[in-house]
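> I would like the atomic coordinates for the input below:
(one chain, ligands or ions: 2)
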Amino acid sequence: MIYISKFKKDIWPLYVPPLPDELFSSWIYRLISNHRVNSDTFVKNYLHQKLFERNNDIDDFPKEEIIKTIKEHTPCKTEELIELFLSSYNSSIIENNTPEEISKSIQFLKTKSFNNRRNSIVFCPGCLSKNTPYFRKKWRLTTSIVCVECNSYLLDYCPGCNAQISYWNNKKSGEITSHISHSIAICKCGYDLSNFFSPLSPTPTEMEYQKYINSTIENGFNLHTQYSFTYLNTLLFIAYMLKKMIKSPRFKKRFDKMYPELDITIDVPLYDWNVIQKRQLLPIAYNLLENFPKNIKEIFPKKHTVRKEFKQLPYWFEKELLFR
Ligand SMILES: [Zn+2]
Ligand SMILES: [Zn+2]
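Ligands and ions are numbered 1, 2, ... in the order given. Take a look at the predicted model:
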């Protein structure tokens, strides 16, 4: 390590600063990669081994001991470090009364951790091809389906080998084992994710949907509500209900009348949607919430049960279903 008198600290010599909207795991990967040492060695000697405990999504919350170590050896400020975690969405899209609520909201709103084989890291190939490749926090939100900056679909698999992406190489013990020496944008099969160019572009509705979601998250409110987490909760509830209701011929008829050009006979599981399945459901859910409550009233059944993961539906939504 190098002693830097300005910071009065022993700094990791090949420090790299976090980039805008970067995810903690992405930054740590780039930091280790820049040091060109074995990642195990780096973690054991310089970071807390607890960082890579099994079933621990390191991007959820900042852990005190890890933040302390990083602060001791980098010029990073606490505020900068806190921003790298999903919990920094606190209050804008996450219910934040108690730590349990924050944790539940994160679990609900994010794509599953990279330990879960069914879901993996989501990325925009266009963003990865710009300057220094890194993975963004907003890609881990379940509501993210397109990149509005690049006008491009997000992907959650490698176009080279069709496998799911994970830049960590976790062993069963939970320890990272690979010698990290290549760019974060290179899949284990050798394919450079930043080279992918999709022949398909997002539709205007998908773009409109994503812009609305992004501004809801940024502002913490939208036209429906002052509490954006209630909007996102409702949006995901509608997507879930769509999938369920499509099995009913009566609903299907009403739906086809409302959207004659849309084919909604999609085969999507009730949960754990991949990014392509979300692309099919979420913009329709968004659209149904437009002209609120007209579309919803026309299409939704009066009686429905809300699964507990959706928590309480907000009053502005529920009252329109109940009182008609
Ligand atoms: Zn992009
Ligand atoms: Zn691959």
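> residue boundaries of the strands in the stretch 151-300 of the chain?
Here the stretch 151-300 of the chain has its strands, by DSSP state E, counting those that start in this stretch, at 152-153.
> so which bits of it are right by ligand 2?
By C-beta under 5 Å from the ion, the part of the stretch 151-300 of the chain that sits against ligand 2 consists of C158, G160, C161, C187, C189, Y191. In this view, the C-beta of every residue, glycine as well, is placed from N, C-alpha and C.
> at 8 Å what do you get?
With C-beta under 8 Å from the ion as the criterion, the stretch 151-300 of the chain meets ligand 2 at residues C158, P159, G160, C161, N162, A163, I165, C187, K188, C189, G190, Y191.
> narrow the residues you listed to those that are buried.
Among those, those classed as buried by neighbour count (16 or more other C-beta atoms under 10 Å) are C158, G160, I165, C187, Y191.
> kindly indicate which of those residues lies nearest W139.
Set against W139, the nearest of those by C-beta to C-beta is I165 (10.7 Å).
> I figured the closest one hits F123, correct?
Yes - I165 is within contact range of F123, at 6.7 Å (criterion: C-beta atoms under 8 Å).
> which residues touch the nearest residue in space to S228 that is not next to it in sequence?
Nearest non-adjacent residue to S228, counting by C-beta to C-beta, 6 or more residues apart in numbering: T216, 4.7 Å away. Taking C-beta atoms under 8 Å, 6 or more residues apart in numbering, we find T216 in contact with I93, N222, S228, Y231, L232.
> recalculate using a threshold of 6 Å.
By C-beta atoms under 6 Å, 6 or more residues apart in numbering, the residues touching T216 are N222, S228, Y231.
> mind putting the residues of the stretch 151-300 of the chain next to ligand 2 into JSON lines with pLDDT?
Formatted as JSON lines, these follow (pLDDT from 0 to 100):
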{"residue": "C158", "pLDDT": "93"}
{"residue": "P159", "pLDDT": "94"}
{"residue": "G160", "pLDDT": "94"}
{"residue": "C161", "pLDDT": "94"}
{"residue": "N162", "pLDDT": "92"}
{"residue": "A163", "pLDDT": "88"}
{"residue": "I165", "pLDDT": "84"}
{"residue": "C187", "pLDDT": "89"}
{"residue": "K188", "pLDDT": "84"}
{"residue": "C189", "pLDDT": "89"}
{"residue": "G190", "pLDDT": "90"}
{"residue": "Y191", "pLDDT": "94"}
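> so which of those are in helices?
Counting by DSSP state H, no part of these is found in helices.
> of those, closest to P260?
Distance to P260, by C-beta to C-beta, is smallest for P159 among those, at 33.3 Å.
> neighbour-wise, which of the contacts of T216 leads?
Using other C-beta atoms under 10 Å as the neighbour test, the contacts of T216 are led by Y231, with 26 neighbours.
> run through the helices of the stretch 151-300 of the chain in chain order.
204-219, 228-245, 249-258, 275-289, 294-299 (DSSP state H, counting those that start in this stretch).
> from the contact counts, what lies against the longest one?
Taking 3 or more C-beta pairs under 6 Å, 6 or more residues apart in numbering; DSSP states H and E as contact, the helices and strands that helix 228-245 lies on are helix 275-289.
> what is the orientation angle of the helix it packs on with helix 228-245?
In terms of direction (axes from the mean of the first three to the mean of the last three C-alpha atoms, to 10 degrees), helix 275-289 departs from helix 228-245 by 110 degrees.
> next, the angle from helix 275-289 to helix 204-219.
Helix 275-289 and helix 204-219 are oriented at 80 degrees to each other (the same axes, to 10 degrees).
> TSV for the contacts of T216, including distance to K104?
Compiled in TSV, the contacts of T216 are given as follows (distance: C-beta to C-beta, whole Å):
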residue	distance to K104
N222	22
S228	16
Y231	17
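> and those residues as a markdown table, adding pLDDT?
Below are those laid out as a markdown table (pLDDT from 0 to 100):
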| residue | pLDDT |
| --- | --- |
| N222 | 89 |
| S228 | 85 |
| Y231 | 91 |
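> any weak-confidence spans in the stretch 201-324 of the chain?
265-271, 304-309, 311, 324 (pLDDT under 70).
> then the stretch 51-200 of the chain?
Short version for the stretch 51-200 of the chain, where the test is pLDDT under 70: 51-56, 96, 112-120, 168-181.
> list, one by one, the residues from it near ligand 1.
So the stretch 51-200 of the chain meets ligand 1 at C124, P125, G126, C127, L128, K130, C147, E149, C150, S152 (C-beta under 8 Å from the ion).
> is it true that the last one touches C127?
Going back to what we said before, that points to S152. No - using C-beta atoms under 6 Å, S152 makes no contact with C127, being 8.3 Å away.
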